[in-house]
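# Coordinates for the following, if possible.
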Amino acid sequence: MRLPIGTQLNKYVLQERLGGGSFGDVYRAQDRATSSICALKCIEVDPTTSIDLVLQEARNLKACQSQHIVEIASADVMPLGASTVVLIDMEYLPDGSLEGRIEKLGISYGDALSANRHMLLGLSSAHKNGIIHKDVKPANIMIDGAIYKLSDFGISYVKQTAIGIPLTYEPNAAPELIAGGAPDERTDVYAAGMTLFRCALLYGAIGIDAQQVADWEASGRLVGLPEFIGFPRHFPRRLKAVIKTATAPDPLKRYQSAGEMLTALEKLKIAKSWRKTGLAEWSANVNGKVHRLDVAKTAKGWELCYAIDGRRRNADCSTYKTESLALKALDDAVSKSVLT
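Okay, the predicted model is just below:
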């Protein structure tokens with residue numbers, strides 16, 4: 001539910017709407033009792049929905065706390081007009097979500113791998129406590145300096161009791177979940193693979209087009225959605241392999257746990273943490289020196305130039321007859337050099 005800024009809810013004063021969706025809105029709020037700032041999730045409870053079921057999010061967050069899961073302070077229930085509202089008080093992380101960072105500023109390959117490793121650590125903690133997240137995506141990976149934290153357990157599922165909100169985020173959802181199957185660790189692994197795919201785009205909009213999902217479903221889902229969409233040329237081969245395994249349509253061919261996927265991801269060591277800084281431009285800081293790859297028009301054609309701290313490295317510069325050939329060479333150079 002969207003509330004006016006300045007609204008007082010028990011001891012909280014709403015200061016800014018941070019985001020929201022079909023299952024509640026999140027605000028930056030001040031706790032008037034302590035003057036501290038928190039992220040306050042406000043969920044209007046439908047008369048047909050159990051309040052206890054809505055409060056399950058708070059219980060799940062509390063049950064699987066780790067360094068890589070957003071901390072929860074408390075939960076409460078209050079009347080608001082003719083409605084009932086659940087309030088969940090969580091730590092406020094001003095750096096926002098990974099999706100927001102990618103779309104506004106872009107990230108490096110090193111950032112993408114670190115964020116997904118941390119997310120898998122948080123996911124492993126949830127799974128050890130019998131909790132399936134069901135909503136793993138870049139928007140639910142929060143940034144806390146150099147630490148990344150999994151958030152939003154609003155539609156999570158408890159295996160022991162089979163209790164959970166019957167929703168999922170379809171663009172990241174495993175085929176068996178879309179078909180009505182029960183959530184398990186492998187459905188979260190699939191969503192983690194989709195999240196890694198989207199994060200490794202590194203720059204600009206990283207949403208999944210609804211038509212692409214529809215076309216994939218119509219095709220019979222013979223391969224994972226990332227493979228169906230197609231990997232950008234700048235993806236290194238070994239990263240593609242991890243994503244393909246995580247998003248295999250057959251759950252038996254996936255990583256069987258978040259920990260198994262984490263082990264595979266940890267084998268990918270960064271050599272040059274390339275960051276896309278423009279449509280035809282990449283940069284990486286290597287041992288304190290700025291490496292730069294870009295494509296520019298010259299009198300002889302289109303040149304791919306490699307420079308270190310502004311000085312050309314002629315042995316790695318090439319000229320191409322067309323822009324498309326030069327851009328392909330640019331992406332190939334990134335793909336081949338990002339990992340050791």
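
# ok, which stretches of the stretch 51-200 of the chain are helices?
Using DSSP state H, counting those that start in this stretch, the helices found in the stretch 51-200 of the chain span residues 51-54, 56-63, 98-104, 109-128, 175-178, 185-199.

# from those helices, which stretch is densest packed?
helix 185-199 (a mean of 26; mean count of other CB atoms under 10 Å). Backbone N, C-alpha and C define where each C-beta goes, glycine included.

# quick one, that helix and helix 109-128 angle?
160 degrees (axes from the mean of the first three to the mean of the last three CA atoms, to 10 degrees).

# tell me what helix 185-199 is packed against?
Counting contacts by 3 or more CB pairs under 8 Å, 6 or more residues apart in numbering; DSSP states H and E, helix 185-199 packs against helix 98-104, helix 109-128, strand 131-132, helix 175-178, helix 225-229, helix 237-246, helix 258-266.

# any idea of the mean pLDDT in the longest one?
Spelled out, it's helix 109-128. The pLDDT scores in helix 109-128 average 98.

# picking up where we left off before, let's have the helices and strands packed on helix 185-199 in TSV, adding distance to residue 165.
TSV is the format used below for the helices and strands packed on helix 185-199 (distance: least, CB to CB, whole Å):
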stretch	distance to residue 165
helix 98-104	21
helix 109-128	15
strand 131-132	12
helix 175-178	13
helix 225-229	23
helix 237-246	24
helix 258-266	21
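
# Tell me which of the ones you listed approaches residue 316 most closely.
Closest to residue 316 of these is helix 109-128 (CB to CB; 18.8 Å).

# How far does that closest one sit from its chain's centre?
Taking the mean C-alpha point of helix 109-128 and that of its whole chain, the gap between them comes to 10 Å (CA atoms, centre = their mean, to the nearest Å).

# do stretch 55-70 as well
18 Å.

# Quote the end-to-end distance of that stretch.
End-to-end distance of stretch 55-70: 16 Å, with CA to CA, to the nearest Å as the criterion.

# And the helices of the stretch 51-200 of the chain: which comes nearest residue 286?
helix 109-128 (11.0 Å).

# circling back: closest one to residue 265 among the helices of the stretch 51-200 of the chain?
Closest to residue 265 of these is helix 109-128 (CB to CB; 5.7 Å).

# Could you list every helix and strand in contact with the closest one?
Against helix 109-128 (3+ CB pairs under 8 Å, 6+ apart) you get strand 141-144, strand 147-150, helix 185-199, helix 258-266.

# right, and those - which one's nearest residue 120?
Short answer: helix 258-266, nearest of the helices and strands packed on helix 109-128 by CB to CB, at 4.1 Å.

# Can you tell me which helices and strands the helix or strand just after the closest one packs against?
As assigned by DSSP states H and E, the chain's next helix or strand after helix 258-266 is strand 275-278. In terms of contact count using 3+ CB pairs under 8 Å, 6+ apart, strand 275-278 is assigned the packing partners strand 281-286.

# where does the protein have its least confident helix or strand?
strand 163-164 (a mean of 78; mean pLDDT, DSSP states H and E).

# ok so, going back, closest one to residue 238 among the helices and strands packed on helix 109-128?
helix 258-266 (9.1 Å).

# ok so, going back, I'd like the helices and strands packed on helix 109-128 as TSV, with mean pLDDT and distance to residue 305 appended.
Output for the helices and strands packed on helix 109-128, formatted as TSV (pLDDT from 0 to 100; distance: least, CB to CB, whole Å):
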stretch	mean pLDDT	distance to residue 305
strand 141-144	98	32
strand 147-150	98	33
helix 185-199	98	28
helix 258-266	98	32
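
# hang on, the earlier thing: work out the gap between the least confident helix or strand of the chain and the centre of the chain.
Worked out by CA atoms, centre = their mean, strand 163-164 lies 23 Å from the chain centre.

# Tell me the strands beside that strand, with direction?
According to DSSP bridges, strand 163-164 forms sheet pairs with strand 157-158 (antiparallel).

# Pull the residues that contact the strand it pairs with.
Strand 157-158 is contacted by residues 56, 60, 130, 131, 132, 134, 163, 164, 183 when judged by CB atoms under 8 Å, 6 or more residues apart in numbering.

# Off-centre distance for that strand?
The chain centre lies 20 Å from the centre of strand 157-158; the measure is CA atoms, centre = their mean.

# Residue 54 touches residue 43, doesn't it?
Yes - proximity of residue 54 to residue 43 meets the contact threshold set by CB atoms under 8 Å, at 5.6 Å.

# so what sits against both of those two?
In contact with both residue 54 and residue 43: residue 86, using CB under 8 Å, 6+ apart.

# Quick check: bridge partners of residue 26?
Under the criterion used here (DSSP bridges), residue 26 is bridged to residue 19, residue 41.

# Using JSON lines, please lay out the helices and strands packed on helix 109-128 together with distance to residue 251.
Formatted as JSON lines, these follow (distance: least, CB to CB, whole Å):
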{"stretch": "strand 141-144", "distance to residue 251": "23"}
{"stretch": "strand 147-150", "distance to residue 251": "21"}
{"stretch": "helix 185-199", "distance to residue 251": "4"}
{"stretch": "helix 258-266", "distance to residue 251": "13"}
